[in-house]
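>>> Can you look at this prediction? I've put the sequence above it.
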Amino acid sequence: MMYDNNLVRHLDACETMGNATAICSDKTGTLTTNRMTVVQSYFCNKLHKEVPDRESIPETVYNSILQSISINSGYTSKIMPPESEGQLPRQVGNKTECALLGFILAMEDDYQMVRDQWPPERFIHMYTFNSSRKSMSTVIPLETGGYRLYTKGASEVIMRKCVQIIDEQGLPQPFSPDMKNKIQSEVIEPMASEGLRTLCLAYRDFGPKESPDWEDEANIVQALTFLAITGIEDPVRGEVPDAILQCQQAGITVRMVTGDNINTARSIATKCGILVPGDEFLVLDGKEFNRKIRDRSGKIQQHLLDKVWPKLRVLARSSPTDKHTLVKGIIDSKLNPNREVVAVTGDGTNDAPALKKADVGFAMGIAGTDVAKEASDIILTDDNFTSIVKAVMWGRNVYDSIAKFLQFQLTVNLTAITVTVISAMTIGDSPLKAIQMLWVNLIMDSLASLALATEPPTPALLTRKPYGRTKPLISRTMMKNILGHFIYQFIVIMVLLFAGEKLFDIDNGRGSHGGPTQHFTIIFNTFVFMQIFNEVNSRKVHGERNVFDGILNNYIFVGVVVATVIAQILLVCFGDIIFSCKALDIVQWLWCIAFGLGTLLWQQLICSIPTKSLPRLLAIGREADTGIRITTADVSDQADVSRSESRAELRRGQILWMRGITRLQQQIRVVHAFQDGLRTIERKSLNNSIHEFMSNQSKYDIGSIKHDADSAPNSTVNSAETAL
């Protein structure tokens, strides 16, 4: 995932992302390139769709624009020369401010000279950008006495505070509401409809005799003089529309949550494919969103939020609080039978609550703050939405890898145990010897997990809907494959066990407790080859017929299968006494391989059985969704509940583990009980044991043994609780 620009901080987020049903994404830098450029501007009652000629601008207006952009911005934002010839200049710092600085450079002027004349030490006061007021302001002293406030921010917010406007001659004139409405409809809205981010520049002068209270920002940043509006373009990433289409096909709803103008957000969302013509959707700004989800007392109501979020696709002019409210509302909603799994992107410090609340939080690796990265589960090292889609693919791939391994392992286990028990009950011996079972166990566990868990993710994973939170771990399709291949393998082994000597004209291995025989070697060899070819079948767990699709893309899988075949040949040919094998001729080898290949043909027959016709009881691992979710952002009492639940879960797990061990021991005793001469040996051993026990009572204390056996699980629980 690191190669796919996903730096995973919490491992459980990988699988969770595979089941995501909703993604709340930022716009700037995630859906767009985050390389901004001023492409339109409006000042002196004139709209410029290209960079204006400096000579056509009144001197006083130009100087005001130059100072406003150069001074009223972070001095860490700057335009650097390109790293190599032919590339674009580098934008360092805030990209919006870099766009304004590029506007100055495009008019063949130098913003750095202005900054050198006005170091931060000369500033009277600064009002840094705030997401709630959506503006930034700087106060500087005037040479003639008094002060000037430069401010920039959201166009409709700043323009609402303006009382004057600069005309064509560069002189301030009254700014009437009609003029504001005209600029709003003829300048701001057309810019926004083209996907441009609009910023308004304004200023205010204070006389020498005035003594403003600089701490009272509300009264300082008002009665402004309208200076200019800039339209900043941030192009949509070329790969984003396809990525969003993939999400929609995968059953994931993508929502844009941005601080931009609602018309800008709508335009970008349309270009990205979030808004599809003909679909029923909502596009709201922060104020309208809060009005719809709050009651008369101003409290957020879940039932009101449930009426909004299913159709909401774009939330514009939103604050970090709005983002957190939306995420929490989607997660807490009970509209759908399965709770929504929500992923959220964020880059600012104020995004931390939403990142914590989400099931999976994505922080921006380039533009993100340290606080946002600390609150996230995965960091996008390239700030690109397509990396989120890759995280979905990896998450689903993890889930499928677990399912593939379970399908293969349960088939081997079921067949091996059944063959061992039946053969012990009928012939008093097992055709699969202990050393051979160790080799089978190596194939079943280590090599199979290495082969099946290293399948690379493919775009085909995005063609299905997310799994529900209560979906069983072993689906009906998987159980169909497990039982189907168990039936095939069991029949083949039983036929070889009871009729193999007649089919191959060899000595009967049943009842032969001496050296290795060709009869049992054929059974062992056939059993292993059936598992090898069934390992190929286990690559597909959703009923696909083409089990070879993409097999050559996984070199580890191919290597494991080839190595297993070579090792099996060596074991059979040179195993002799150690592996209880006897060399086979070429015909016997071909029959063993043919029985193995039969599993591939049998898989096609299994796929023909409709899964829906099978009873739901075959699905194992279904768990009811309680709706309880304990996150790291919850309070301490919830953490205590989580710890107590962990202890209870630990006890339950230990009880199940002890029961499993007990059942396994009982099964082993049953198998040994049917072996020839076992009862006679057990009687003699029992008599000797009783005699030895009676003569060494001091050594064997039944009470102490029983006490130790009873206290062992509790001591384990107590030690685990201490560790927790």
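Structure received.
>>> For the rest of this, base every contact and every neighbour count on C-alpha atoms.
Noted.
>>> Quick one: mean pLDDT for the lengthiest helix in the chain?
In the chain, with assignment by DSSP state H, the single longest helix is helix 385-426. Helix 385-426 carries an average pLDDT of 91.
>>> Check stretch 238-255 too.
Taken as a whole, stretch 238-255 has a mean pLDDT of 92.
>>> Just the terminal-to-terminal distance for that stretch.
18 Å (C-alpha to C-alpha, to the nearest Å).
>>> what helix or strand does Met126 sit in?
Assigned by DSSP states H and E, Met126 belongs to strand 125-130.
>>> ditto for Ile158
Counting by DSSP H and E, Ile158 is part of helix 155-160.
>>> Pull out the buried residues from that helix.
For helix 155-160, a neighbour-count test (16 or more other C-alpha atoms under 10 Å) marks 155-156, 158-159 as buried.
>>> Also stretch 220-239?
220-237.
>>> end-to-end on it?
For stretch 220-239, by C-alpha to C-alpha, the gap between its terminal residues amounts to 45 Å.
>>> one step back: what lines up beside the strand holding Met126 in the sheet?
strand 135-141 (antiparallel) (DSSP bridges).
>>> which residues are in contact with the partner strand?
71-73, 122-130, 147-154, 158, 221 (C-alpha atoms under 8 Å, 6 or more residues apart in numbering).
>>> tell me the phi and psi of the closest residue to Val254 other than its chain neighbours?
Spatial nearest neighbour of Val254, chain neighbours left out: Ile23 (4.8 Å); criterion: C-alpha to C-alpha, 6 or more residues apart in numbering. Here is the backbone geometry of Ile23 (degrees, to the nearest 10): phi -130, psi 120.
>>> sorry, back to before: beyond the longest helix of the chain, next helix or strand please.
Downstream of helix 385-426, the next assigned helix or strand under DSSP H and E is helix 434-442.
>>> who's in contact with that following helix?
Against helix 434-442 from outside (C-alpha under 8 Å, 6+ apart): 524, 528, 578-580.
>>> what is the rounded mean pLDDT of that helix?
Mean predicted lDDT for helix 434-442 stands at 85.
>>> Buried residues in it, which are they?
Applying 16+ other C-alpha under 10 Å to helix 434-442 flags 436, 439-441 as buried.
>>> Looking at the residues you listed, spot the one nearest Phe574.
Lowest distance from Phe574 to the buried residues of helix 434-442 (C-alpha to C-alpha) belongs to Gln436, with 13.6 Å.
>>> And that closest one, how close does it get to His519?
Counting by C-alpha to C-alpha - Gln436 and His519 are separated by 14 Å.
>>> returning to that earlier point: how far does the strand holding Met126 sit from the chain's center?
36 Å (C-alpha atoms, centre = their mean, to the nearest Å).
>>> ok so, going back, Gly550: which of the buried residues of helix 155-160 is nearest?
Using C-alpha to C-alpha, the buried residues of helix 155-160 come closest to Gly550 at Ser155, 53.0 Å.
>>> Could you measure from that closest one over to Arg317?
Counting by C-alpha to C-alpha, the gap from Ser155 to Arg317 is 11 Å.
>>> neighbours around Glu50, how many?
When neighbours are defined as other C-alpha atoms under 10 Å, Glu50 has 10 of them.
>>> got the contact list for it?
39-41.
>>> rerun at 7 Å
Glu50 makes contact with 39-40, according to C-alpha atoms under 7 Å, 6 or more residues apart in numbering.
>>> Report the rounded mean pLDDT for the helix or strand where Thr264 lies.
Using DSSP H and E, Thr264 falls within helix 262-272. On average, the pLDDT along helix 262-272 is 91.
>>> Mind giving me the packing neighbours of that helix?
Applying 3 or more C-alpha pairs under 7 Å, 6 or more residues apart in numbering; DSSP states H and E, we find helix 262-272 packed against helix 189-193.
>>> for the helix or strand following the helix it packs on, packing partners?
Downstream of helix 189-193, the next assigned helix or strand under DSSP H and E is strand 196-206. When contacts are defined as 3+ C-alpha pairs under 7 Å, 6+ apart, strand 196-206 sits against strand 147-154, helix 155-160, strand 224-233.
>>> switch to 8 Å and redo it
Applying 3 or more C-alpha pairs under 8 Å, 6 or more residues apart in numbering; DSSP states H and E, one finds that strand 196-206 makes contact with strand 147-154, helix 155-160, helix 189-193, strand 224-233.
>>> could you dump these to CSV with mean pLDDT?
Below are the helices and strands packed on strand 196-206 laid out as CSV (pLDDT from 0 to 100):
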stretch, mean pLDDT
strand 147-154, 94
helix 155-160, 92
helix 189-193, 91
strand 224-233, 94
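>>> Turn these into TSV, including distance to Leu88.
What follows is those, written out as TSV (distance: least, C-alpha to C-alpha, whole Å):
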stretch	distance to Leu88
strand 147-154	26
helix 155-160	28
helix 189-193	25
strand 224-233	16
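>>> closest to Ser297 out of those?
That would be helix 155-160 among those, by C-alpha to C-alpha, at 26.0 Å.
>>> so where is the stretch 501-650 of the chain shaky, pLDDT-wise?
For the stretch 501-650 of the chain, applying pLDDT under 70 flags the ranges 512-514, 617-650.
>>> For it, just list every one of the helices.
With helices called from DSSP state H, counting those that start in this stretch, the stretch 501-650 of the chain shows them at 518-537, 555-574, 586-607, 636-673.
>>> hang on, the earlier thing: and the buried residues of helix 155-160, which is closest to Cys14?
Closest approach between the buried residues of helix 155-160 and Cys14, by C-alpha to C-alpha: Ser155, at 40.4 Å.
>>> The residue nearest to Val254 bridge partners, please.
If you apply DSSP bridges, the partners that Ile23 bridges to are Val254, Ala343.
>>> Tell me where the stretch 51-200 of the chain has strands.
78-80, 90-92, 125-130, 135-141, 147-154, 162-166, 172-174, 196-206 (DSSP state E, counting those that start in this stretch).
>>> what's the closest of these to Trp214?
Nearest to Trp214 among the strands of the stretch 51-200 of the chain is strand 125-130 (6.9 Å), distances taken as C-alpha to C-alpha.
>>> export the closest one as PDB, just CAs?
The C-alpha coordinates for strand 125-130 follow below in PDB (Å, rounded to 0.1, in the frame of the first residue of the first chain):
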ATOM      1  CA  HIS A 125      -2.000  43.700  13.800                       C
ATOM      2  CA  MET A 126      -2.800  40.500  12.000                       C
ATOM      3  CA  TYR A 127      -6.000  38.500  11.800                       C
ATOM      4  CA  THR A 128      -5.000  35.000  10.600                       C
ATOM      5  CA  PHE A 129      -7.400  33.000   8.400                       C
ATOM      6  CA  ASN A 130     -10.200  31.400  10.200                       C
END
